[in-house]
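In: what's the 3D shape of this:
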Amino acid sequence: MLPGGANFINELSDAITQCRSMIIMLSEASLRSQWVSREVDFAMNHQVKFPNFKLIPVVVGDIEVPGFLQTINYLKMPNGELTLEFCEGLLQAFYPRDISLHQGTNRDLYASVSWRPDEADFTNAVCQLFARENFRLVGDSKDQRSFMKGDPHRVETIISSCGGLLAVLPYREDSPADGYTSPYMLAEIAFTQKYELPYVVVAETNVVLPEAVTKNALRVVPMSPTADLTQNPAIMDAIDGLDQNWKPPIHPHYIFYSTSFDDATRVQTVRKLTQSITGLRCMIGNELEDEGAFSIPQSIVNLIKNAFLVLADISWSEPNIRSLVESIYNTSIKSNAVIDTQHVKRLADALAINTLIEVGAARGSDVQYRLLASYPRRSPPFMLGDRKDIPYYKDAVEMLGIIHKLVYPFRRRILNHELRQGR
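Out: Next up is the predicted model:
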C-alpha cells in the first residue's frame with residue numbers, strides 16, 4: 001500500500017524496476033482503466049531496456065487482446081477460475097522451457113564468469129559461442145538460498161554436478177596479487193582440478209595466470225575484449241576440446257519426487273514444473289526398470305541416496321483407508337479367507353507407506369528433503385515428528401504453489417536462457 005502523499009507515477013516506475021516479471025490481467029474492466037494502461041506502458045518500456053523482464057498477459061473472459069500485446073503469448077482464464085491447468089501455465093511462464101533437460105540430453109558446463117555489468121559484453125560474447133554448441137552453461141547466483149546462507153561448499157557442489165568448466169577471466173587492474181583477475185574464479189578452477197574435470201580458460205589480455213591453472217587446462221585462450229570472437233580459430237579449437245573431453249558428471253544433481261501415483265496427470269504436472277523451476281531433472285520411482293544387478297526397490301533407494309533433493313508428498317487418503325479396511329474385513333477377515341494382495345497394496349498407497357519409507361531413506365542418507373501433505377492436518381509419524389514445517393494444501397492448485405515455494409531455493413542458474421533473452 002502506498003503511503004499518503006506518495007507520487008503514484010514515481011512509485012509505480014520504481015516498483016516495476018525491482019521486479020523480474022509482470023502479470024497483466026486483461027478483462028473488460030482493466031482494458032478501460034487508464035492506470036492499467038500506464039502500468040503496461042511502464043513495463044513495456046522497461047522490457048526494451050531489460051529484455052529478461054517478462055510480460056505475462058492473462059485473458060479473463062471472452063475479450064479481444066489489444067494489438068500491442070498480440071505478439072506476446074498470453075494465458076487464458078475463461079471463467080476467472082484458478083484451475084490446475086491454468087496455474088501450471090502461469091508458473092511455467094516465469095521459466096524458460098529446457099528441452100534438453102526434459103529429454104535428459106543436457107551437457108552441463110559450469111560457467112565461471114564475472115557478474116560485473118562493465119565486464120558483461122566480453123563474458124556474454126564468449127558464452128554465446130559455447131551455448132551454441134549445445135552446452136548448458138550452469139552458474140552460481142546471488143539470490144540462491146545457499147549463497148545467502150554463506151554455504152562454503154555451494155560452488156564446489158555445483159561444479160561437481162557438471163562435466164567441465166568454462167572460465168572467462170576479466171582483466172582487473174586493481175587485483176595484481178591475483179594475476180589481475182578474480183580470485184573467486186581462480187578458486188572455481190581449483191575445484192574443477194580437484195574433480196579432474198576438463199576446463200577451458202578464455203582470459204582477457206594482460207591477465208597473468210599461474211602455472212597451476214595453465215598446465216592442466218585443455219586450452220588457454222588470451223583474448224582482447226574488443227576482438228571478433230565469431231571466427232577466432234583459438235576459440236573454435238577450445239570449443240572442440242571441451243566437446244571431445246566433456247565428462248558425465250561425478251555427482252549429477254537431480255530431484256527425486258516421492259508420491260502416490262493415483263493421479264498420473266498431477267504427477268507429471270509436478271514433474272514438469274519442478275524441472276522448469278529448478279533446472280534440475282526430476283526423477284520418479286515408478287519409471288525405473290529392473291536393472292538385473294539391483295531390484296527396483298534397491299534402485300529407488302540408490303536413486304534417493306544420490307539425489308540433490310527429495311520432494312515427498314506424504315498425504316494420507318483417509319476415505320480410502322476406511323473403505324479399504326472395511327473391504328478387507330468383509331471379504332477376508334470375516335470369512336477367514338486369504339486377504340487380497342491388491343487390497344493390501346492399495347491400503348499401503350492410501351497410508352503413503354512407500355513414500356514414508358523413501359523419506360526415511362533420504363533422511364538416513366543425509367539427503368536434503370522437503371515434505372508436503374494434503375489437509376486435514378495431522379501429526380506426522382514419530383520419526384518425522386521433529387519436522388514442524390510441513391505445509392498442507394487444500395487442493396491441487398494450492399499444492400502447485402507450495403511445491404514452487406519448496407523447490408525454488410534449489411534452482412540452478414542457466415546462462416543459456418539469459419543469453420537468449422538478452423540478444
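In: now do the strands in this structure.
Out: Listed in chain order, the strands of the chain (DSSP state E) span 21-26, 54-60, 75-77, 108-112, 136-139, 165-169, 199-204, 219-223, 254-258, 281-284, 309-313, 369-374, 392-393, 413-414.
In: and residue 314, how far from residue 374?
Out: Using CB to CB, to the nearest Å, residue 314 is found at 9 Å from residue 374. Backbone N, C-alpha and C define where each C-beta goes, glycine included.
In: what comes up buried for stretch 33-44?
Out: 36, 39-40, 42-44 (16 or more other CB atoms under 10 Å).
In: what of stretch 304-313?
Out: So stretch 304-313, judged by 16+ other CB under 10 Å, has buried residues 304, 307-313.
In: same list, the strands of the chain, but as JSON lines with distance to residue 386 and mean pLDDT please.
Out: Shown next, in JSON lines, are the strands of the chain (distance: least, CB to CB, whole Å; pLDDT from 0 to 100):
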{"stretch": "strand 21-26", "distance to residue 386": "37", "mean pLDDT": "89"}
{"stretch": "strand 54-60", "distance to residue 386": "39", "mean pLDDT": "90"}
{"stretch": "strand 75-77", "distance to residue 386": "40", "mean pLDDT": "89"}
{"stretch": "strand 108-112", "distance to residue 386": "35", "mean pLDDT": "96"}
{"stretch": "strand 136-139", "distance to residue 386": "33", "mean pLDDT": "92"}
{"stretch": "strand 165-169", "distance to residue 386": "39", "mean pLDDT": "97"}
{"stretch": "strand 199-204", "distance to residue 386": "42", "mean pLDDT": "96"}
{"stretch": "strand 219-223", "distance to residue 386": "51", "mean pLDDT": "93"}
{"stretch": "strand 254-258", "distance to residue 386": "19", "mean pLDDT": "96"}
{"stretch": "strand 281-284", "distance to residue 386": "26", "mean pLDDT": "93"}
{"stretch": "strand 309-313", "distance to residue 386": "15", "mean pLDDT": "96"}
{"stretch": "strand 369-374", "distance to residue 386": "12", "mean pLDDT": "94"}
{"stretch": "strand 392-393", "distance to residue 386": "17", "mean pLDDT": "94"}
{"stretch": "strand 413-414", "distance to residue 386": "32", "mean pLDDT": "88"}
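In: so can I have CSV of these showing distance to residue 274?
Out: Converted to CSV, those look like this (distance: least, CB to CB, whole Å):
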stretch, distance to residue 274
strand 21-26, 19
strand 54-60, 20
strand 75-77, 20
strand 108-112, 17
strand 136-139, 17
strand 165-169, 26
strand 199-204, 30
strand 219-223, 36
strand 254-258, 6
strand 281-284, 4
strand 309-313, 7
strand 369-374, 11
strand 392-393, 15
strand 413-414, 15
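In: find the centremost residue of this protein, please.
Out: Central residue of the chain (CA atoms, centre = their mean): residue 278, 0.8 Å from the mean position.
In: touching, that one and residue 411? I think so.
Out: Yes. Using CB atoms under 8 Å as the test, residue 278 is close enough to residue 411 to be in contact (4.3 Å).
In: for residue 400, which of the strands of the chain is the nearest?
Out: The minimum distance between residue 400 and the strands of the chain falls on strand 392-393, with 8.6 Å, by CB to CB.
In: does the closest one pack against any helices or strands, and if so which?
Out: Helices and strands touching strand 392-393, as assessed by 3 or more CB pairs under 8 Å, 6 or more residues apart in numbering; DSSP states H and E, comprise strand 369-374, helix 396-407.
In: please identify the most buried of these.
Out: The highest average neighbour count among those, using mean count of other CB atoms under 10 Å, belongs to strand 369-374 at a mean of 21.
In: I'd like the distance from it to the chain centre, please.
Out: 18 Å (CA atoms, centre = their mean, to the nearest Å).
In: what angle do helix 396-407 and it make with each other?
Out: With axes from the mean of the first three to the mean of the last three CA atoms, to 10 degrees defining the directions, strand 369-374 sits at 170 degrees from helix 396-407.
In: now do strand 369-374: everything it contacts.
Out: With CB atoms under 8 Å, 6 or more residues apart in numbering as the test, strand 369-374 has contacts from 309-316, 359, 362-363, 380, 384, 387, 390-394, 399, 402-403, 406-407.
In: now stretch 378-390
Out: 314, 316, 356, 359-360, 363, 371-373.
In: ok, so of those, who is nearest residue 197?
Out: Of all these, residue 197 sits closest to residue 363, with 30.4 Å by CB to CB.
In: now do the contacts for that closest one.
Out: 369, 383.
In: what's the spacing between it and residue 352?
Out: 15 Å.
In: now do residue 85
Out: Relative to residue 352, residue 85 is positioned 26 Å away (CB to CB).
In: between these two, which has more neighbouring residues?
Out: Of the pair residue 85 and residue 352, residue 352 is the one with more neighbours under other CB atoms under 10 Å, namely 22 against 13.
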